[in-house]
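Engineer: dropping a prediction and its sequence here:
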Amino acid sequence: MGRGVIIHLEVYLPYRGERRWTGEVRLPEGLTAGALSDYLSLAEPELAVLVNGRYVAPETRLREGDEVAVLRQSEGG
């Protein structure tokens, strides 16, 4: 496996001591949108993941340079 991929991440719930967190993170290659909440240790139920502005299926692999937002489904609109 390679060195991973870097994404731009926005988390719209408490994360890393912040109410809303934004930054770049390195993820393992092949990590899926569905596995992201476990990887980030987010204990919230029913999270939505948007990649490049679109809701994605849990099996969607995250790729280098993706802009990813994680939020509660009830906030997704």
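Structural biologist: Done, it's in.

Engineer: so where do the helices sit in this structure?
Structural biologist: 33-39 (DSSP state H).

Engineer: that one: strands as residue ranges?
Structural biologist: Per DSSP state E, the chain has strands spanning 5-11, 21-27, 47-51, 54-55, 67-72. These are given in chain order.

Engineer: out of those strands, which is closest to residue 34?
Structural biologist: Taking C-beta to C-beta, strand 47-51 is the member of these nearest to residue 34, at 7.7 Å. (Glycine included, C-beta is placed from N, CA and C.)

Engineer: strand partners (parallel or antiparallel) of the closest one?
Structural biologist: Within its sheet, strand 47-51 is paired with strand 54-55 (antiparallel), strand 67-72 (antiparallel), according to DSSP bridges.

Engineer: how about low-confidence regions in this protein?
Structural biologist: Counting by pLDDT under 70, the ranges of the chain that qualify are 1-2, 75-77.

Engineer: got the strands of the chain as CSV, with distance to residue 35 and mean neighbour count columns?
Structural biologist: Listed next are the strands of the chain as CSV, based on distance: least, C-beta to C-beta, whole Å; neighbours: other C-beta atoms under 10 Å:
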stretch, distance to residue 35, mean neighbour count
strand 5-11, 13, 18
strand 21-27, 9, 14
strand 47-51, 10, 20
strand 54-55, 16, 10
strand 67-72, 12, 17
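
Engineer: output the ones you listed as JSON lines; include the columns distance to residue 34.
Structural biologist: Listed next are the strands of the chain as JSON lines, based on distance: least, C-beta to C-beta, whole Å:
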{"stretch": "strand 5-11", "distance to residue 34": "15"}
{"stretch": "strand 21-27", "distance to residue 34": "13"}
{"stretch": "strand 47-51", "distance to residue 34": "8"}
{"stretch": "strand 54-55", "distance to residue 34": "12"}
{"stretch": "strand 67-72", "distance to residue 34": "12"}
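
Engineer: out of those strands, nearest to residue 39?
Structural biologist: strand 21-27 (6.8 Å).
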